[in-house]
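Visitor: Turn this into a structure:
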Amino acid sequence: MASFEAIRMPKQQEPAIPRLWIAAWLLLLLVLAASVYAASELTVRLLVGVSIGIPVVRLLWRRPEFGLLGIIFLTSSFIPADVVDIRLPVGGLKVRDLALLGMLGLLMLRGWQRRKLDIPWWPVSRVLIIFLGFATFSLLYAILYKKVEPNWAFSEYRALFFYAGFFVAAWAIEQRRQVVIVLAGLFILSDLTALIVIAQQFLGTQNRLLAAMTGGNWRVWQSDVDSTVAGTVRVIPPGHVLMYTMMVIAFCLMVYARQERRLRMIMVFQFIFLNIALLLTYTRAEWLASALAIALIVAVLPRVDKLKCARYGLITIVVLFSCYGLAGASFAETINNSEFIRALTLRFSSILTPDETLGTDSLEWRIYENGTAIEAIARQPVLGVGLGNTYRDITLLQNNGADQGLGGSFRFTRYVHNSYLYIAVKLGIPGFLTLIWFCLVFLWHGWRAYSRLVDPQYKRLTLAILMSFVGLLTWAFSHSHLILEESTVVVGMMAGLISGLVAIEQHCKLPGMMPEMSEHE
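Guide: All right, here's what the predicted structure looks like:
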C-alpha cells in the first residue's frame, strides 16, 4: 500500500508545476500586452534594451576588459554623449555615466560573488577615495548651501567621479591576456581619434566628420584668429590625453633593446602616426609635455636602450635630411611653402619667444582668469565656492560678456584653464592638497612598482604611464585636464592598469609559478 501511494503521489502533483508556469507566462503576456497598449514606444525600447543588455552583461561578466574599453570609447565622444540621456530631478545621466556606474556595480558584484572583493593598491586608492569624498561633499555643499543649480554642480562632479575608472581597471585586469587586449583596444581608439584629426584637415571646419563633433567636446575651428597658425584647421579632440599617453607608451615599448621585431615596427608606426595627429592640434603645452615625458624615459632607460635610441634617432635624422636633399628644389619649395609646415614652425618658435607669446590675447585672458581665481580662493580658502558655482563676475575683457557659445557667458564664469586653480577654487585648499597627495603617492608607489616588476614589458609600460603622467601634470597648468571627464578617466584607468600589472605579477610569483626573466638578468 505504501509503495502504491509512493507511485500515485507524483502523478497527482505533476500537473501543479506546469500549471504554475503557465499561469506565470499568461500573467507576463497580459502585462506585456497592457504595456504595449498603454505605452507601445516605451515598451518596445525596454524590450530592445533587455534583449541587448542581457548578452552584454554576460559578456562583461566574463570579459570586463571590454567594458573598460567601452568607457574610454564613450568618453572619447565618437558618438553623441546624449544618445542616451536619462533626465533626473538633479540633472541627467548620459550613456558614459551609465557605463561607468554599470561597470563599477558589475565588478563589485562579481568580486562579492567570488569572495575576493578588495580595495586594490590601497596606498594609492585610499587617497583617491578621500579625494572623491571631498568632491561629494563639495557637490552637496554647492547644491544645499550655495543653491547652485544641480545640473551645473553634477556636471563638474561627473568629471571628478570619472577618476573612479581606477577601480574599473584594477578590478577588471587580472590576467596577462587582458593587458594585451586593453593595450590593443586603446591603441585602436587612439588611432581612430588621430585619423579623425588628420581627415578633418581636408574637410575644413564646416564638414564635420562625426555628428558628435557639433557639440562642445570636439573643438574644431579655423585658426585664422591666431596669426601663428593662420589658414589651418585646428582640432582638439576629447581623446587628446589618451592619444598623448598612448604615444608615450609606443615610444617606451619601441626603444626596448630586446623588443620583438614585429612589435617594434608596430610601435614605430604608432609613434609616428599619433605624433602627426598631436602636431595638428597645435597645442604647445602638449608638445612640451611630450618632450618632457620622452626625455625622462630616456634618462631612466638602461644604457643599452639609450645607445639604441640614439642610434635610431641619428639614422632617422640622416634619412630625413637625405630625402629632403635628393627630392629636388621643387619639392623643397613645396614643403617650405606648406601652410602646415609654416604653421608648425611659427607655433614652435612662439615657445622660444615668451616675450611675444605673453602679449597674445590667449595669454592675456589666462592671466586675468588666474588672478580672479586666486582672489576667489583667498575669499573662501577652506570650502571653496562649490562644484558648479561661479567664482567671478562677467567681464568685458575680450568681449567675454557678449559671448554666448558653449553654454553662454555664465559658463565661462565657472571655468578655469589652470587645473590646479580650478580644483582649489571649487573644492578649497584641503581638496586641492588631497589631489596633490594623490598625484604624489601615485608617482611614488608607481615608481616602486616599476623597480620591483620583473617582466620587462610590464616595466616599460609602467615607466611610460608614470612619465606621461608627469608630463600631464605640467600640461595641466594651462589646460583643465584634471577636471575633464575624458581626461580624468584616462588618469584613473592608467593608475588602475599599474595596479593590475602589480597584482598579475604577484600572482605569478606564487609557489609553482615561474615569472619571466628580468631584462637585467
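
Visitor: any weak-confidence spans in the stretch 401-521 of the chain?
Guide: 401-411, 508-521 (pLDDT under 70).

Visitor: Likewise for the chain?
Guide: 1-29, 31-53, 84-85, 87-91, 216, 223-231, 324-361, 396-411, 508-521.

Visitor: Swap in 50 and give it another go.
Guide: 1-17, 225-230, 402-409, 510-521 (pLDDT under 50).

Visitor: quick one: S190 and W61, what's the gap?
Guide: 27 Å (Cβ to Cβ, to the nearest Å). Glycine gets a C-beta too; all of them are placed from N, C-alpha and C.

Visitor: how about the helices of the stretch 201-350 of the chain, start to end?
Guide: Ranges of helices within the stretch 201-350 of the chain are 240-254, 261-280, 284-300, 303-326, 329-336, 339-351, based on DSSP state H, counting those that start in this stretch.

Visitor: can you check the stretch 401-521 of the chain too?
Guide: 409-412, 419-452, 456-475, 485-508.

Visitor: between these, which gets nearest to L128?
Guide: helix 419-452 (5.6 Å; Cβ to Cβ).

Visitor: Can you say which of the helices of the stretch 201-350 of the chain is packed in most?
Guide: helix 240-254 (a mean of 26; mean count of other Cβ atoms under 10 Å).

Visitor: Ok, which of the helices of the stretch 201-350 of the chain comes nearest L435?
Guide: helix 240-254 (16.2 Å).

Visitor: What helices and strands are in contact with the closest one?
Guide: Secondary-structure packing of helix 240-254 (3 or more Cβ pairs under 8 Å, 6 or more residues apart in numbering; DSSP states H and E): helix 176-203, helix 261-280, helix 284-300, helix 456-475, helix 485-508.

Visitor: any chance of those in CSV, plus distance to N370?
Guide: Converted to CSV, the helices and strands packed on helix 240-254 look like this (distance: least, Cβ to Cβ, whole Å):
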stretch, distance to N370
helix 176-203, 29
helix 261-280, 26
helix 284-300, 14
helix 456-475, 16
helix 485-508, 20
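
Visitor: Of the ones you listed, give the one that comes closest to V127.
Guide: Closest to V127 of the helices and strands packed on helix 240-254 is helix 485-508 (Cβ to Cβ; 10.6 Å).

Visitor: Could I get the buried residue list for that closest one?
Guide: By neighbour count, and taking 16 or more other Cβ atoms under 10 Å as the criterion, the buried residues in helix 485-508 are 485-505.

Visitor: thinking again about what came up before, can you put the helices of the stretch 401-521 of the chain in CSV and add distance to G388?
Guide: Putting the helices of the stretch 401-521 of the chain into CSV (distance: least, Cβ to Cβ, whole Å) gives the following:
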stretch, distance to G388
helix 409-412, 11
helix 419-452, 8
helix 456-475, 24
helix 485-508, 14
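
Visitor: Surely I196 and R208 touch.
Guide: No - using Cβ atoms under 8 Å, I196 is not in contact with R208; the gap is 9.7 Å.

Visitor: hmm, back to that, now the helices of the stretch 201-350 of the chain as TSV including distance to R114?
Guide: As requested, the helices of the stretch 201-350 of the chain are exported to TSV (distance: least, Cβ to Cβ, whole Å):
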stretch	distance to R114
helix 240-254	30
helix 261-280	33
helix 284-300	37
helix 303-326	40
helix 329-336	59
helix 339-351	52
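
Visitor: Please identify which of those helices is closest to L466.
Guide: helix 284-300 (8.5 Å).

Visitor: next one: the closest one to chain centre, how far?
Guide: On the basis of Cα atoms, centre = their mean, to the nearest Å, helix 284-300 is displaced by 19 Å from the centre of the chain it belongs to.

Visitor: Tally up the residues packed near W122, please.
Guide: Close neighbours of W122, defined as other Cβ atoms under 10 Å, add up to 12.

Visitor: do the same with the one 3 residues further on
Guide: Burial of S125, expressed as a neighbour count using other Cβ under 10 Å, amounts to 22.

Visitor: hmm, who's touching stretch 67-75?
Guide: Applying Cβ atoms under 8 Å, 6 or more residues apart in numbering, the contact partners of stretch 67-75 are 60, 81, 95-96, 99-100, 102-103, 106, 162, 165, 168-169, 172-173, 181-182, 185-186, 189, 238-239, 242, 485-486, 489-490, 493.

Visitor: again, 6 Å this time
Guide: With Cβ atoms under 6 Å, 6 or more residues apart in numbering as the test, stretch 67-75 has contacts from 60, 95-96, 99-100, 103, 168-169, 172, 185, 189, 485-486, 489.

Visitor: can you check stretch 206-222 too?
Guide: For stretch 206-222, using Cβ under 6 Å, 6+ apart, the contacting residues are S77, I79, P80, I196, A199, Q200, T205, R234, V235, I236, P238, L406.
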